[in-house]
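[1] the following block contains a protein sequence and its predicted model.
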Amino acid sequence: MQSSSVSGKSSGSSKKIRLAVVGVGNCASSLIQGLEYYRQASADVKSEHVGLMHFDVDGYTPDSIEVVCAFDVDKRKVGQTLDKAIYAAPNCTQKIVSEIPKSNVVVQMGTALDGISDHMAEYPEANAFRIANETPVDVVKVLKDTKADVLVCYLPVGSEKAVRFYAQACLDAKVGMVNCMPVFIASDKEWGQKFKDAGVPIVGDDIKSQVGATITHRVLTKLFKDRGVKLERTYQLNTGGNTDFLNMLNHQRLKSKKVSKTEAVQSQMNDRLASENIHIGPSDYIPWLKDNKLCFLRMEGTGFGGIPLHLEMRLSVEDSPNSAGVAIDAIRCVKLALDRKISGPLTSISSYTMKHPPIQFSDAEAHNNVESYIAGQLES
């Protein structure tokens, strides 16, 4: 079987990105499977960049990305090669490819800190989880030894201390970071300055899906505004059956997630809604939904002549694949920053790919800014 870009061996494009992955869950599984899918893709898929916002980013294609190290704390994944770990329980996302080539990357024991919610043990679906009986590795040393360029963070929601630990590891190892989690690093002035001072680029925080609940809600909110409809009240309720939704049943871990998702929508309005008129956040965990996410959206507004206008929407998506292509763009834009000696928060790609970026733009403005950044016309 041929080696691929996920195995740590070169293939395809001569321009390479050496990737570190933190958290080998459903999102990492979709990302890694997706890299193999696009490596094998037909010329038509590549030319039309089906499923991707960009197939080529200044010479970097999906095939450019090589996973060189991975970290987790689950005993079912630590010590496994990456090709096995991405399919290990409790991962439940749909398979994009039937298998990936055997990897020479072994999942190493990371640092747990607050990465695991205590309430997980209360649910039968989580009873098989045990922290691996391993000593955490020296993450900075591993990043340096594997010559990682970029680290993508896929830790569970609420992992405030753990995300900051890996952010500091990126600073110490001079590795660019893509923070997919709703822990405010790129959008925090102090942390943003740390990355700037260290000469390290970062994209964050809290990844948007390709077409998901938040970006759909944002676009519709701006549509109401642009068409003269005053938005009076809105809610967004999400349900799913993956461990992300199980983890979010602990509402103490949801504070930054709710801030991130709510601000993503509020930022598209001239006049912010009062807190009692906007509710955005997870609703419940339904095990049999697995990685399928259901969004129920309602918007109530006032249109011409004071006449009410109500919108109801239901969106069904596979949660993890829905963000994988977005992450591929973010990873490649971080590598461009490394090549161009740009450091600190990358405002263009962050506003395009993240719910809580350092600066909020409309999605159309963010798209144009990313195109200018890729073309070298915009510094960050």
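    Nice, I can see it. Residues are numbered from 1 along each chain as shown.
[2] now do the helices in the protein.
    Listed in chain order, the helices of the chain (DSSP state H) span 26-40, 43-47, 82-85, 139-145, 160-173, 189-198, 213-226, 243-247, 255-266, 321-339, 347-353, 363-374.
[3] mind saving the C-alpha coords of stretch 66-74 as CSV?
    Output of stretch 66-74 as CSV, limited to C-alpha atoms (Å, rounded to 0.1, in the frame of the first residue of the first chain):
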residue,chain,number,x,y,z
GLU,A,66,2.0,15.5,6.8
VAL,A,67,1.0,14.5,10.3
VAL,A,68,4.3,14.1,12.2
CYS,A,69,3.1,13.7,15.8
ALA,A,70,-0.2,13.3,17.7
PHE,A,71,-1.2,13.5,21.4
ASP,A,72,-4.1,12.1,23.3
VAL,A,73,-4.8,10.7,26.8
ASP,A,74,-7.3,8.0,26.1
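[4] same question for that stretch, mean pLDDT?
    Taken as a whole, stretch 66-74 carries a mean pLDDT of 96.
[5] which stretches of the chain have low pLDDT?
    1-13, 115-129 (pLDDT under 70).
[6] follow-up on the earlier one: nearest to residue 207, of the helices of the chain?
    When these are compared by Cβ to Cβ, helix 321-339 sits nearest residue 207, at 5.0 Å. All C-beta spots, glycine's among them, are computed from the backbone N, C-alpha and C.
[7] ok, what's across the strand from residue 282?
    According to DSSP bridges, the residues that bridge with residue 282 are residue 238.
[8] adding mean neighbour count and distance to residue 91, write the helices of the chain out as TSV.
    As requested, those are exported to TSV (neighbours: other Cβ atoms under 10 Å; distance: least, Cβ to Cβ, whole Å):
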stretch	mean neighbour count	distance to residue 91
helix 26-40	24	5
helix 43-47	11	25
helix 82-85	22	9
helix 139-145	18	22
helix 160-173	21	19
helix 189-198	16	30
helix 213-226	19	22
helix 243-247	22	8
helix 255-266	20	21
helix 321-339	24	12
helix 347-353	27	23
helix 363-374	17	30
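[9] out of those, nearest to residue 205?
    Closest to residue 205 of the helices of the chain, according to Cβ to Cβ: helix 255-266, at 6.9 Å.
[10] in the stretch 1-150 of the chain, which spans are strands?
    17-22, 65-72, 107-109, 150-153 (DSSP state E, counting those that start in this stretch).
[11] the longest one: how far from the chain's middle?
    For strand 65-72, the distance between its averaged C-alpha position and the chain's averaged C-alpha position is 15 Å (Cα atoms, centre = their mean, to the nearest Å).
[12] for it, name the packing helices and strands.
    strand 17-22, helix 26-40, helix 82-85, strand 107-109, helix 139-145, helix 321-339 (3 or more Cβ pairs under 8 Å, 6 or more residues apart in numbering; DSSP states H and E).
[13] among the ones you listed, which is nearest residue 251?
    Among the helices and strands packed on strand 65-72, the nearest to residue 251 by Cβ to Cβ is helix 26-40 (21.5 Å).
[14] how distant is the closest one from the center of its chain?
    Worked out by Cα atoms, centre = their mean, helix 26-40 lies 14 Å from the chain centre.
[15] mind listing what residue 292 touches?
    For residue 292, the contact set (Cβ atoms under 8 Å, 6 or more residues apart in numbering) comprises 240, 241, 316, 317, 318, 319.
[16] from residue 191, how far off is the second one?
    Here the distance between residue 241 and residue 191 works out to 33 Å (Cβ to Cβ, to the nearest Å).
[17] what's the answer for the fifth one, then?
    The span separating residue 318 from residue 191 equals 31 Å under the rule Cβ to Cβ.
[18] ok, the third one next?
    Applying Cβ to Cβ, the value for residue 316 to residue 191 is 35 Å.
[19] hang on, the earlier thing: select only the buried ones of the contacts of residue 292 in PyMOL?
    Applying 16 or more other Cβ atoms under 10 Å to these, the buried members can be selected in PyMOL as follows:
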select buried, resi 240+241+317+318+319
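[20] from the contacts of residue 292, which single one is nearest residue 147?
    Taking Cβ to Cβ as the measure, residue 147 lies nearest residue 319 of the contacts of residue 292, at 31.8 Å.
[21] for the closest one, which non-adjacent residue is spatially closest?
    Distance criterion Cβ to Cβ, 6 or more residues apart in numbering; nearest residue to residue 319, sequence neighbours excluded, is residue 293 at 4.1 Å.
[22] what is the burial count for the one you found?
    Residues lying near residue 293 (other Cβ atoms under 10 Å) number 24.
[23] mind checking how far it is from residue 64?
    Computed as Cβ to Cβ, the residue 293 to residue 64 distance reads 29 Å.
[24] can you check residue 43 too?
    Counting by Cβ to Cβ - residue 43 and residue 64 are separated by 18 Å.
[25] could I get the helices of the chain as CSV with distance to residue 300?
    As requested, those are exported to CSV (distance: least, Cβ to Cβ, whole Å):
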stretch, distance to residue 300
helix 26-40, 33
helix 43-47, 41
helix 82-85, 45
helix 139-145, 48
helix 160-173, 34
helix 189-198, 35
helix 213-226, 10
helix 243-247, 26
helix 255-266, 14
helix 321-339, 27
helix 347-353, 27
helix 363-374, 22
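[26] the residue nearest to residue 319 reaches residue 320, doesn't it?
    No. Using Cβ atoms under 8 Å, residue 293 is not in contact with residue 320, being 9.1 Å away.
[27] dump the residue contacts of residue 258.
    Residue 258 sits next to 280, 281 when contact means Cβ under 8 Å, 6+ apart.
[28] use 371 as the first number from now on
    Sure, I'll start numbering at 371, so the last one becomes residue 628.
[29] quick check: the gap between it and residue 540.
    Using Cβ to Cβ, residue 628 is found at 26 Å from residue 540.
[30] for residue 439, same thing?
    Using Cβ to Cβ, residue 439 is found at 13 Å from residue 540.
[31] residues contacting the spatially most distant residue from the centre of the chain?
    Within the chain, the residue lying farthest from the chain centre (Cα atoms, centre = their mean) is residue 675, at 42.1 Å. Not one residue lies near residue 675 by Cβ under 8 Å, 6+ apart.
[32] sounds good, over and out.
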